[in-house]
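In: Predicted coordinates and the sequence they were generated for:
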Amino acid sequence: MSNRTGPFLWNLRQFSTLIPTSRTVRQYPLGLCRPQMAYSNWNPRNLLLNNFDNRLQAPVRCLFQNALVFKSGDDFQTKGTSSVTVLTLDRLLCPRRLSFDSKHSLISDNGLKKTSFHQEASSEDVLTKETKPTPVTSRKLSQECNSLSDVLDTFSRAPKFPSSNYFSAMWTIAKRMSNEQRRFEKQLMFNHPAFHQLCGQMMREAKIMRCDHLLFGLHAVVKLGIPQNTLLVQTLLRVVQERINECDEKCLSVLSTVLETMEPCKNVDVLRAGLRILADQQVWKIERVFTLQAMMKCIGKDAPMALKRKLEMKALRELDRFSLLNSQRMFEVLAAMGHCSVVLLDECSKMVVGNIHGCPFKILISILQSCRDLRYRNLDLFKGIADYVATTFDVWKLKQVLFLLILFENLGFRHVGLMDLFMKKIVDEAGVLNMKSIVSILHVYSSLNHFHTCQTREFLEAMAGALTGCLHQLSSENLLNAVCSLCLMNRFPLAAVNQLLQKDVISELLTSGDMERNVHKLHILAACLKLDDAPYHKAVDLALPLLPPAPLPPNAKVAEALSSLLGDGCFSKNVQLPHNYHIDFEIRMDTNRSQVLPFSDMDVVTSATDIQRVAVLCVPRSAYCLGSTHPRGFLAMKMRHLKGMGFHVILVNNWEMEKLEMEDAVTFLKTEIYSTEALPTANVNLQSTC
């Protein structure tokens, strides 16, 4: 018996340490992470096995207790540190089992309440029965309730822990509604008397609810449209900062999705920085491709390049597990991250093209927009999308096809079949076009220099008529854009041109908006009126500011080849012509283009009538439509005007010339400069595009 007395007395002394005591804890500003606190239910059986010397090791932090100044903006300020009294309770209860309703709240709006537990309720069964709430799930709430107000009514009758389930249920219900009904329901939600009570309870429970409930609650709060600068949202963001180390893969996915939709502010920036650290540490442990893509999309364009490459390598390792949705989404993910991984995009493009049928319109738009932002050019991908739309042309709306064509124009891609189909559709339904559509269509077709073999005239007449019908709706800049597009296609609608040439319109264009861009287009208009077949506008003179000449240095390899072929005195460099035109090289030849004339006697050469002037233009790849040698609108207009000035135009592709040896380059230029009759045996691999 005496052998058992010693341990019993020792345990009795340990039990005495549970007497309520108080201590002062220093309150610190919130940081990114907090130490993990261990909670356990009190049990006499556990008391004999555990060491209670360290009763409460982790520091206690009180959120916004005499430390927060809320502003209308995004800034939160902390006022140093403060001291609060924290009670050590005689029973350590698991906070996840507490029911936080309006009657039994441990934290009130006025501060921290002192809560005592009576020792009369010594039975563990009675204590558990009193504190364990009836579980409530967001799925059950969303099934039982039909509106956001129904959820709030349910909360007001019997608040249950956790409050995040009420927000998640409301977002689930809101997703089932139409946009108009959703706006109406949200207004009712904000005016509901229980809404502020739910927000307050969500803030009080944030530190003790499970991490996944916290993040799903934050996600629902943001999606429901609660302003980001409110105390509720900012409180949740601060608590997530403290508990970010508790996030598992699922929680990181939700957090990434939430941060992606939020505006930059101090708390969001801190969380994004913390997410970058976790992504760098745990990237190789991520199992789900969706989580990986969510994190890649969230880290932002200003993330370190080393982190971007690490995420890229992880995505390449997971390529075999990519679903079709993963491949479609990767374009948007890389665009959000600002990282163009050609290898990754090429593989995703193959899967997208192989499963293009049935692809939603939003996905197609997202892919093309991402390719534009990343400057990624994949001819097979663009052709696959355009072929699919052309094959199913009848099921698409006119605005949808136009949106795709605008994106194709941004990418420099011209699909003949799709643009021909759209042109026929416009000829038949020109009357249904609005002002914005007219301006966009003219821009696309003029920029890509597309003409139908049979219906070009009907198309231009239909577009000119539609433009004339909406002249009263057009702003000065839209009118200039539309008329300039028609001029690029050698079409001059009388009513539109006359309205544009009015003094007040010209004055407005020269003093407002993008003035430099407007001046450039007005110079194009003036050149077209002078050099093209528009006789009734020949006498019009526009007093326009001069554009600064910006000739590029001529291609050194072409200059060396011409010098080897013709000699130094038989061609001129960087020739400036009227109407702000510039050519790289000019050669003077006889009318048969069989003999090159020297520039020694400029007066005699210029006045001679049997002179053929040859303009050599060194053209970059961007001057052509993607994957072809079809000149785009400005180059086609320049070639047309140079021919009107009496030049024979030769186009030299810069990227092809760089691949040739000097001997082959001389042979190519010799074939292009001299006529076919002068060189009957000339044989080269390159073809002229003029």
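Out: Thanks, I have the structure now. Residues are numbered from 1 along each chain as shown.
In: so where do the helices sit in the stretch 301-450 of the chain?
Out: Ranges of helices within the stretch 301-450 of the chain are 305-317, 324-337, 342-354, 361-374, 379-391, 398-410, 416-428, 435-447, based on DSSP state H, counting those that start in this stretch.
In: Could you check the ones you listed and tell me which one is nearest residue 634?
Out: Go through the helices of the stretch 301-450 of the chain one by one with CB to CB and the one that ends up closest to residue 634 is helix 435-447, at 8.2 Å. From N, CA and C alone the C-beta is placed, and that goes for glycine too.
In: excluding its backbone neighbours, what's nearest residue 201?
Out: Distances taken as CB to CB, 6 or more residues apart in numbering put residue 163 closest to residue 201, at 4.6 Å, once the chain neighbours are dropped.
In: Pull the number of nearby residues for the one you found.
Out: The tally of other residues near residue 163 (other CB atoms under 10 Å) stands at 26.
In: For residue 145, see how far away it is.
Out: Separation of residue 163 from residue 145 (CB to CB, to the nearest Å) stands at 15 Å.
In: same deal with residue 447?
Out: Residue 447 sits 53 Å away from residue 145 when distances are taken as CB to CB.
In: With residue 478 instead?
Out: Between residue 478 and residue 145 the distance is 49 Å, computed by CB to CB.
In: Those two: which is more packed in?
Out: Neighbours around residue 478 and residue 145, counted as other CB under 10 Å, are more numerous at residue 145. The numbers are 19 against 16.
In: now the more buried one, nearest residue through space, not along the chain?
Out: residue 151 (4.8 Å).
In: So residue 409 is in contact with residue 444, correct?
Out: Yes - contact criterion CB atoms under 8 Å: residue 409 and residue 444 qualify, at 4.6 Å.
In: Where does the record place the domain boundaries for this protein?
Out: Taking automatic domain parsing as the reference, the chain has its domains at 246-347, 377-537, 556-673.
In: Is it possible to get JSON lines of those that adds mean pLDDT and distance to residue 236?
Out: JSON lines is the format used below for the domains of the chain (pLDDT from 0 to 100; distance: least, CB to CB, whole Å):
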{"stretch": "domain 246-347", "mean pLDDT": "94", "distance to residue 236": "9"}
{"stretch": "domain 377-537", "mean pLDDT": "91", "distance to residue 236": "37"}
{"stretch": "domain 556-673", "mean pLDDT": "88", "distance to residue 236": "47"}
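In: Which one of those domains lies nearest to residue 208?
Out: domain 246-347 (12.1 Å).
In: Can you give me the end-to-end span of that closest one?
Out: Counting by CA to CA, to the nearest Å, you get 35 Å between the two ends of domain 246-347.
In: Kindly reformat the domains of the chain as JSON lines and extend each row with distance to residue 185.
Out: Formatted as JSON lines, the entries for those read as follows, by distance: least, CB to CB, whole Å:
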{"stretch": "domain 246-347", "distance to residue 185": "20"}
{"stretch": "domain 377-537", "distance to residue 185": "29"}
{"stretch": "domain 556-673", "distance to residue 185": "47"}
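In: ok, residue 344 touching residue 334?
Out: Yes - counting by CB under 8 Å, residue 344 touches residue 334, with 7.1 Å between them.
In: that older thread, need the pLDDT of the residue nearest to residue 201.
Out: According to the prediction, residue 163 has pLDDT 92.
In: Could you pull up the contacting residues of it?
Out: 100, 155, 198, 201-202, 205, 209, 217 (CB atoms under 8 Å, 6 or more residues apart in numbering).
In: Out of the residues you listed, which comes closest to residue 557?
Out: residue 217 (64.8 Å).
In: Let me see the mean pLDDT of the one helix or strand the closest one maps to.
Out: In the assignment (DSSP states H and E), residue 217 maps to helix 211-223. The average of the pLDDT scores along helix 211-223 is 95.
In: Buried residues of that helix, list them for me.
Out: By neighbour count, and taking 16 or more other CB atoms under 10 Å as the criterion, the buried residues in helix 211-223 are 211, 213-223.
In: now swap in stretch 647-659 and tell me
Out: Of the residues in stretch 647-659, those scored as buried under the neighbour-count criterion (16+ other CB under 10 Å) are 647-653, 657.
In: Among those residues, which ones are in strands?
Out: Using DSSP state E, the members of the buried residues of stretch 647-659 that fall in strands are 647-653.
In: now those as TSV including distance to residue 393?
Out: Formatted as TSV, the entries for those read as follows, by distance: CB to CB, whole Å:
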residue	distance to residue 393
647	41
648	41
649	36
650	39
651	33
652	38
653	33
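In: now the closest residue in space to residue 174 that isn't next to it in sequence, what's its secondary structure?
Out: With CB to CB, 6+ apart as the criterion, residue 174 has its nearest non-adjacent residue at 5.3 Å, and that residue is residue 182. Under DSSP: H, G, I helix; E, B strand; the rest coil, residue 182 falls in the helix class.
In: tell me the pLDDT at residue 182?
Out: Among the per-residue scores, residue 182 holds a pLDDT of 93.
In: so how many other residues sit close to it?
Out: Around residue 182 sit 17 other residues, with neighbours defined as other CB under 10 Å.
In: what about it, distance to residue 260?
Out: Using CB to CB, which is the criterion applied here, residue 182 is 21 Å from residue 260.
In: What of residue 449?
Out: Separation of residue 449 from residue 260 (CB to CB) stands at 39 Å.
In: ok, the two, which is more surrounded?
Out: Taking other CB under 10 Å, residue 449 and residue 260 do not tie; residue 449 has more neighbours (19 against 15).
In: what residues are up against the more buried one?
Out: Residues 414, 488-489, 625, 630-633, 635-636 are the ones in contact with residue 449 under the rule CB under 8 Å, 6+ apart.
In: Skipping its backbone neighbours, what lies nearest residue 167 in space?
Out: The spatial neighbour of residue 167 that comes closest, neighbours along the chain excluded (CB to CB, 6+ apart), is residue 220 at 3.9 Å.
In: my read: that neighbour touches residue 168, true?
Out: Yes - assessed by CB under 8 Å, residue 220 is found in contact with residue 168 at 4.6 Å.
In: Run through the helices of the stretch 101-250 of the chain in chain order.
Out: Using DSSP H, counting those that start in this stretch, the helices of the stretch 101-250 of the chain run over 124-131, 138-144, 148-157, 164-175, 179-191, 193-205, 211-223, 231-242, 249-261.
In: Dump those helices to TSV, plus distance to residue 362.
Out: Putting the helices of the stretch 101-250 of the chain into TSV (distance: least, CB to CB, whole Å) gives the following:
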stretch	distance to residue 362
helix 124-131	48
helix 138-144	25
helix 148-157	26
helix 164-175	16
helix 179-191	16
helix 193-205	33
helix 211-223	18
helix 231-242	28
helix 249-261	17
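In: between those, which gets nearest to residue 434?
Out: When those are ranked by distance to residue 434, counting by CB to CB, first place goes to helix 179-191 at 22.1 Å.
In: what helices or strands is that closest one leaning on?
Out: helix 148-157, helix 164-175 (3 or more CB pairs under 8 Å, 6 or more residues apart in numbering; DSSP states H and E).
In: Who are the packing partners of the first one?
Out: Of the remaining helices and strands, those touching helix 148-157 by 3+ CB pairs under 8 Å, 6+ apart are helix 138-144, helix 164-175, helix 179-191, helix 193-205.
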